[in-house]
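> Give the three-dimensional model of this entry:
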Amino acid sequence: MNRTIKHISYEASMDMGGFPIRQPLPTAAIEMIDPFLLLHHAEVKVPKHIPITKAGVGPHPHRGFSPVSFIFKGGVHHRDSRGNDNVIYAGGTQWMNAGMGIIHSERPPIDIHEIGGVQELIQLWVNTPAKHKMDQPAYQPLTAEDTPVWESTDGKTKVNIIAGNFQGIKGPIHTLSDVNTFTATMQTGAKEFFPIPESHNAFIYLMEGQLKINGDQVLEPMYLANFELNGTGFAFEALSEARFFIGTGEPLNEPVASHGPFVMNNQTEIMESFRDYQLGKMGVLIES
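Residues are numbered from 1 along each chain as shown. Coordinates of the predicted model:
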């Protein structure tokens with residue numbers, strides 16, 4: 001049985017400290033898709049008049065969730081207060097469980113202008129179950145080469161499995177709750193059914209092209225479709241070359257309190273997060 005669409009939301013253009021992004025989640029229509037809290041899509045040309053070490057997003061803290069970057073063009077240089085220092089290029093993923101607190105930065109790689117000068121990425125915030133919010137932070141880099149790919153028999157559909165399972169293929173990323181994250185491409189005319197767990201909340205964000213969903217609704221670029229909990233998957237037909245992101249997850253069904261870079265379960269925990277950050281308990285990041 002195909003899942004029916006619950007909401008369709010268009011991304012809002014926003015400025016995040018001089019970094020232009022598009023935000024299809026949350027919106028006025030969709031507050032969250034438990035356990036997914038936020039989705040940002042950015043495609044920016046890295047300026048040449050600013051030193052690479054000052055471009056991108058500088059050091060900032062997180063606690064209580066996983067900020068995840070899926071990289072489509074260029075690359076991201078991740079540094080954090082736990083000593084991780086790593087560059088991931090197009091097709092790869094930076095998955096960080098912020099846990100009890102960490103400070104990180106996300107800069108372009110030093111060779112960004114040699115590889116086209118453009119960064120395109122999706123950042124997804126995945127909520128952490130209450131019992132794991134104060135775990136030690138963990139950083140998981142995943143390259144394109146190490147990302148498993150499922151391909152349809154006709155070769156027209158390809159799915160990159162980052163976390164979770166798809167068609168019997170398991171993604172390498174370890175998650176703290178049951179989630180699936182896939183990036184996919186479909187050639188014009190391709191048709192495919194995407195099975196997902198019946199208990200999972202699910203959404204698709206279309207980055208490029210046109211998709212007909214369940215033989216009915218046409219999804220346009222930069223729109224996010226959120227699905228009802230009423231089926232075993234969704235059927236897609238690519239009306240043009242399509243590139244998209246799929247997220248599904250077992251809902252946590254826990255209270256959410258968030259403020260800025262912290263996501264906890266109540267306001268007291270949010271206040272404690274700010275206090276701990278100001279006291280230096282999330283570490284220090286000095287970029288070299």
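
> Tell me which residue lies nearest the centroid of the chain.
L124 (2.7 Å; CA atoms, centre = their mean).

> Quick one, grab the pLDDT at G231.
Note on G231: pLDDT of 93.

> I'd say it and F193 touch.
No - counting by CB atoms under 8 Å, G231 stays clear of F193, with 10.6 Å between them. (C-beta placed from N, C-alpha, C; glycine too.)

> Of those two, which one has the most company?
Per other CB atoms under 10 Å, whichever of G231 and F193 has more neighbours is G231, with 17 against 11.

> returning to what we had before: show me the contacts for the residue nearest to the centre of the chain.
Listed by CB atoms under 8 Å, 6 or more residues apart in numbering, the contact partners of L124 are 36, 38-40, 67-68, 70, 181, 245, 247.

> again, only this time at 7 Å
Residues near L124 by CB atoms under 7 Å, 6 or more residues apart in numbering: 36, 39, 68, 247.

> Now, these that are in strands?
In this view, these that belong to strands under DSSP state E are 36, 39, 68, 247.

> Quick check: bridge partners of the third one?
Put plainly, it is V68. W95, L124 (DSSP bridges).

> Could I get the full set of helices for the chain?
Taking DSSP state H as the criterion, the chain contains helices spanning 267-278.

> Low-confidence regions, this protein specifically.
Applying pLDDT under 70 to the chain flags the ranges 17-18.

> Highest neighbour count among the ones in strands among the contacts of L124?
Neighbour counts for the ones in strands among the contacts of L124 (other CB under 10 Å) peak at G247, which has 28 neighbours.

> Count the residues that sit near the residue nearest to N214 when sequence neighbours are not counted.
Excluding its sequence neighbours, the residue lying closest to N214 (CB to CB, 6 or more residues apart in numbering) is N2, at 4.3 Å. Neighbour count of N2, defined by other CB under 10 Å: 17.

> And the one 4 residues further on, by the same measure?
Other residues lying near K6 total 17 when counted by other CB under 10 Å.

> how close does it get to M207?
20 Å (CB to CB, to the nearest Å).

> Wait, V263 touches N127, no?
Yes - assessed by CB atoms under 7 Å, V263 is found in contact with N127 at 6.2 Å.

> Please enumerate the shared neighbours of those two.
Both V263 and N127 are contacted by 37, 65, 256, under the criterion CB under 7 Å, 6+ apart.

> show me the contacts for the nearest residue to F182 once chain neighbours are set aside.
Distances taken as CB to CB, 6+ apart place I246 nearest to F182, at 4.5 Å, with adjacent residues excluded. Neighbour list for I246: 182, 184, 194, 204 [criterion: CB under 7 Å, 6+ apart].

> Now flag whichever of the residues you listed is closest to G117.
Checking the contacts of I246 against G117 with CB to CB, the nearest one is A184 at 26.0 Å.

> what about that closest one, neighbour count?
A184 has 21 nearby residues by other CB under 10 Å.

> For it, give the beta-bridge partners.
The bridge-partner assignment for A184, based on DSSP bridges, gives V159, F244.

> how far does stretch 190-210 stretch from start to finish?
Stretch 190-210 stretches 11 Å from its first residue to its last (CA to CA, to the nearest Å).

> Equivalent analysis for stretch 212-219, please.
OK, stretch 212-219 end separation, CA to CA: 6 Å.

> What is the neighbour count of the closest residue to H132 other than its chain neighbours?
Of all residues not flanking H132 in the chain, L176 sits nearest, at 4.7 Å (CB to CB, 6+ apart). Around L176 there are 20 other residues, counting by other CB under 10 Å.

> Could you do the one 4 residues further on as well?
Residue crowding around N180 was assessed by other CB under 10 Å; the count is 22.

> Setting aside sequence neighbours, what's the nearest residue to it?
Nearest non-adjacent residue to N180, counting by CB to CB, 6+ apart: G164, 3.1 Å away.

> ok, that neighbour - how many residues close by?
By other CB under 10 Å, 22 other residues sit near G164.

> what does the one 5 residues further on give?
Counted with other CB under 10 Å, the neighbours of I169 add up to 13.

> Perfect, that will be all.
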